[in-house]
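[1] Sequence and predicted model, in that order:
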Amino acid sequence: MDPQEVCDAIRELKPPRFFACPIDLMGADFEATKRVFKANHFRCLGKEPLFVLALGQERKARTSHAIQRVTDPDMANRVKVASGSRQILEKDLHDGAAGLRLYAAFEGDEPIAWVRSIPTGEGFAWVSNLYVQPAYRRRGLGMAIMNKMLEDDESFGIKWSVLLASSVGTHLYPRLGYEQVGLLQLFAPKKELWGIAPYR
């Protein structure tokens, strides 16, 4: 949709709380999109590159740490404590393909890295919350845990892996074969100009 049409549609719908997250494909004028939203009283909160990987290539995960799929509540709880939030629901703690999958690397019993694969449609999976503890960065652990997850993705019939990248991730993901296909920009309405009550 044209950015102005999006703003007009939001005004017509009058949602009580919302953000706008347009994704433009590579080659689009990202600044033009930003100008339209700013002219319609939005603040730009940030932007994240959108990456896609076609699965089917050989993967090599090299790390001295054990990387495993999280399938039991105790392991899931250890990752929850380390990350500060629940990363997987109990219903997804199994060995099958359905549902969200969580992978983690451990130093003893302590989770030092984790990532999630979330099925989003036939043959597609979304990469979520890749994190490596600061003391373990720059050792190939991020690449290794991604490779393990992607190997499983492929074994479960996933054809395409999709993700939004942080500034750090923009350096890692191309080394795994991901290609940037677009840019997501996150816009928040200026509450006073959109008639939105303050958050409580």
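    Yep, it's here.
[2] how close does F19 sit to G195?
    16 Å (CB to CB, to the nearest Å). Heads up, the C-betas are built off the backbone N, CA and C, glycines and all.
[3] which SS class is the residue nearest the centre of the chain?
    In the chain, the residue lying closest to the centroid (CA atoms, centre = their mean) is S128, at 3.7 Å. Classification of S128 using DSSP: H, G, I helix; E, B strand; the rest coil returns strand.
[4] Check the one 10 residues further on too.
    When classified by three-state DSSP, R138 comes out as coil.
[5] mean confidence score for whichever helix in the chain runs longest?
    Looking across the chain with DSSP state H, the single longest helix is helix 141-155. Taken as a whole, helix 141-155 has an average pLDDT of 94.
[6] ranges for the helices of the chain?
    3-13, 30-39, 73-83, 141-155, 169-172, 191-194.
[7] Which positions within the fifth one qualify as buried?
    In other words, helix 169-172. By 16 or more other CB atoms under 10 Å, the buried positions in helix 169-172 come out as G169, L172.
[8] quick one: contacts for A82?
    By CB atoms under 8 Å, 6 or more residues apart in numbering, the residues touching A82 are E110, P111, W114, Q133.
[9] got those as JSON lines, with pLDDT columns?
    Listed next are the contacts of A82 as JSON lines, based on pLDDT from 0 to 100:
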{"residue": "E110", "pLDDT": "93"}
{"residue": "P111", "pLDDT": "96"}
{"residue": "W114", "pLDDT": "97"}
{"residue": "Q133", "pLDDT": "95"}
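[10] Could you find which two of those are furthest from each other?
    The distance between the two most remote of the contacts of A82 (CB to CB) is 11.6 Å, for E110 and W114.
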